[in-house]
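> Sharing a model that was predicted from the sequence below.
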Amino acid sequence: MTKSSRPFKLLAFTLLKTAPHTIETTSTAPLDVIGEINGLKPYSIERRYMTVRYQRGNLTIRKRNTRSDVWQFRWMEDGRQKSVLVGTVDKLPTRADAERAVDHLRLRINSGNPQQQFHSVTVGSLIDRYLEEEIPRRVREDTASTYRGILKNWIRPRWGDQFLEDVKAVRVETWLESIDRAPVTKAHIRNLMHSLFNSALRWELLDKNPITLVRQSQKPLKDRQLMTVENFRKLLTELKDPYYTMVLVDGCLGLRVSELLALRWGDVDWENLTLFIQRSTVGDRIYPTKTKASHRLMPIDPSVAEALLRFRRKAEYTGENDFIFAGDQGKPRWCGIMLTDHIKPAAVRAGIGKVGWHDFHHLFSSMLHQGRTSAATQRELLRHANISTTLGIYTHAVSEEKRKAVSKVAGELLEKK
């Protein structure tokens, strides 16, 4: 056997071990060289050329007269040449930079290629493909922004140049332990890595997800200081509209702040005293509610309806399609700015410490529980898919019980006689 035929024999032996009935190769070596292994006779040997050849594509610099030159990547797809502009030479000054930028494209165009298994993939390439294909289709913009930050600031710097098969559970767990951040932050990093590697499984780049075995607690270092009824009342005395009515409605209904700010006047049924929760907002974008369970009618106590009517009389935007808590231009307000500039300072003046939007949701939840509201009614009013696996079998509670539960919360928070 000649030296030149030895690599082909090794390739054939590897393929025969994994798939003895068929060998696929792009080699131009003679068939008797590929198949000549003593004691092993494949049933068929198929020579494949363009159909299985791993495409690395063609990366070149495209000259431009008035603007910076750009890197252009070309490849073949369904018998036609396709191309995409990768980035300017100012942004990607070296070929190595441009090669890294197109790694995720190579993953996609070779996704159905049997030879993909012979090409190691880095975590950085996986991140690029995840950003391009998964996040835009499956993640809301506010969540996507958080994901991009975690990928950019944590996962890519540590793992970007590592091959997927080199990422092990113990190494990741040790790394998370070394990060000087709260447990909940480290849990977010761990969970995003798990989602990232699940995508690698779907794209058949891995056989198992190593992050599944990574342990990371979400338990806070300090016990959370929960909002109390007394502190809620103190906070209200320090607030002026629109923030007073916002906090009042949020505490009495336990809404997510994204749902609170997306409420329109047309969502209120004054005759039947109900509020239709059907959308949410983050920044200047409108979305459906976070979950299907969140999209439903909520009963409102008469005192809450009265507070909304009083606010409407002095509000600038009062049309049925106007947002109840609209900003200066009629658009939804930004929750973070309101919290920083108005609600937190009011909490300091009231002497109740730190306050966040989610505290009102927790307060509503705890009061339902303390009032011995049935599990099914709690689930309906909190608009969670399940309280637990066991409670998930409960049917919808009757509206009258929900109305009584909501009125009981409102009565205690607002000191109704």
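Received, thanks. Numbering: from 1, shown residues only.
> Now do the same contact list for the closest residue to Arg285 other than its chain neighbours.
For Arg285, ignoring the flanking residues on the chain, the nearest one in space by C-beta to C-beta, 6 or more residues apart in numbering is Glu141 at 5.7 Å. No exception for glycine: its C-beta is placed from N, CA and C like everyone else's. For Glu141, the contact set (C-beta atoms under 8 Å, 6 or more residues apart in numbering) comprises 282-283, 285.
> Of the residues you listed, which qualify as buried by neighbour count?
For the contacts of Glu141, a burial check counting by 16 or more other C-beta atoms under 10 Å picks out Val282.
> Tell me which of the contacts of Glu141 has the lowest pLDDT.
The weakest per-residue confidence within those falls on Gly283 (72).
> I'd assumed Asp142 was in contact with that residue.
Yes - judged on C-beta atoms under 8 Å, Gly283 makes contact with Asp142 at a distance of 7.0 Å.
> quick one on the thing from earlier: and the residue nearest to Arg285, how far from Gly87?
Separation of Glu141 from Gly87 (C-beta to C-beta, to the nearest Å): 23 Å.
> and if you look at Met367?
54 Å.
> And the two? Which one has more around it.
With neighbours defined as other C-beta atoms under 10 Å, Met367 and Gly87 compare such that Met367 has more, 22 against 16.
> The more buried one: which element?
Secondary structure from DSSP states H and E places Met367 in helix 357-370.
> circling back to that earlier point, can you pull the phi and psi angles for the residue nearest to Arg285?
Main-chain torsions, Glu141, degrees, to the nearest 10: phi -60, psi -40.
> Which pLDDT value does the model give it?
pLDDT, Glu141: 75.
> what's the answer for Lys3, then?
Confidence score, pLDDT, at Lys3: 48.
> what do you get for Ser366?
At Ser366, the model reports a pLDDT of 78.
> give me every residue that touches it.
So Ser366 contacts Leu226 (C-beta under 8 Å, 6+ apart).
> How much space separates it from Trp71?
According to C-beta to C-beta, Ser366 and Trp71 sit 56 Å apart.
> Could you do Arg106 as well?
For Arg106, the distance to Trp71 - C-beta to C-beta - is 14 Å.
> Dump stretch 64-81 to PDB, keeping only the CA atoms.
In PDB, the C-alpha atoms belonging to stretch 64-81 read as follows (Å, rounded to 0.1, in the frame of the first residue of the first chain):
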ATOM      1  CA  ARG A  64     -16.200  50.300  -2.900                       C
ATOM      2  CA  ASN A  65     -15.600  53.800  -4.300                       C
ATOM      3  CA  THR A  66     -17.200  56.100  -1.700                       C
ATOM      4  CA  ARG A  67     -17.400  53.900   1.400                       C
ATOM      5  CA  SER A  68     -15.200  51.400   3.300                       C
ATOM      6  CA  ASP A  69     -14.400  48.100   1.500                       C
ATOM      7  CA  VAL A  70     -16.400  45.200   2.800                       C
ATOM      8  CA  TRP A  71     -15.900  41.400   3.200                       C
ATOM      9  CA  GLN A  72     -18.200  39.400   1.000                       C
ATOM     10  CA  PHE A  73     -19.000  35.700   1.600                       C
ATOM     11  CA  ARG A  74     -20.200  33.500  -1.300                       C
ATOM     12  CA  TRP A  75     -21.500  30.000  -1.300                       C
ATOM     13  CA  MET A  76     -23.700  27.600  -3.400                       C
ATOM     14  CA  GLU A  77     -27.200  26.700  -2.500                       C
ATOM     15  CA  ASP A  78     -29.600  24.600  -4.600                       C
ATOM     16  CA  GLY A  79     -27.300  25.000  -7.600                       C
ATOM     17  CA  ARG A  80     -27.200  28.800  -7.300                       C
ATOM     18  CA  GLN A  81     -24.500  31.100  -6.000                       C
END
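> buried sites along that stretch?
70-73, 75.
> Tabulate those residues in CSV, adding columns for secondary structure.
Formatted as CSV, the buried residues of stretch 64-81 follow (DSSP: H, G, I helix; E, B strand; the rest coil):
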residue, secondary structure
Val70, strand
Trp71, strand
Gln72, strand
Phe73, strand
Trp75, strand
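> Which of those residues scores worst on pLDDT?
For these, the pLDDT minimum is Trp75, 77.
> That one reaches Val86, doesn't it?
No - the criterion here is C-beta under 8 Å, and Trp75 misses it with Val86 at 12.0 Å.
> Mind listing what's buried along the strand or helix carrying Ala144?
Counting by DSSP H and E, the element that carries Ala144 is helix 141-150. Across helix 141-150, burial judged by 16+ other C-beta under 10 Å covers 147, 150.
> could you point out which element follows it?
Note on helix 141-150: by DSSP H and E, the next helix or strand toward the C-terminus is helix 156-159.
> coming back round to it: which members of the contacts of Glu141 are positioned in strands?
When DSSP state E is applied, these are split such that 282, 285 fall in strands.
> and the contacts of Glu141 as TSV, adding distance to Val268?
Shown next, in TSV, are these (distance: C-beta to C-beta, whole Å):
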residue	distance to Val268
Val282	22
Gly283	24
Arg285	23
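> so which of the contacts of Glu141 comes closest to Leu297?
Using C-beta to C-beta, Val282 is the member of the contacts of Glu141 that sits closest to Leu297, with 22.9 Å.
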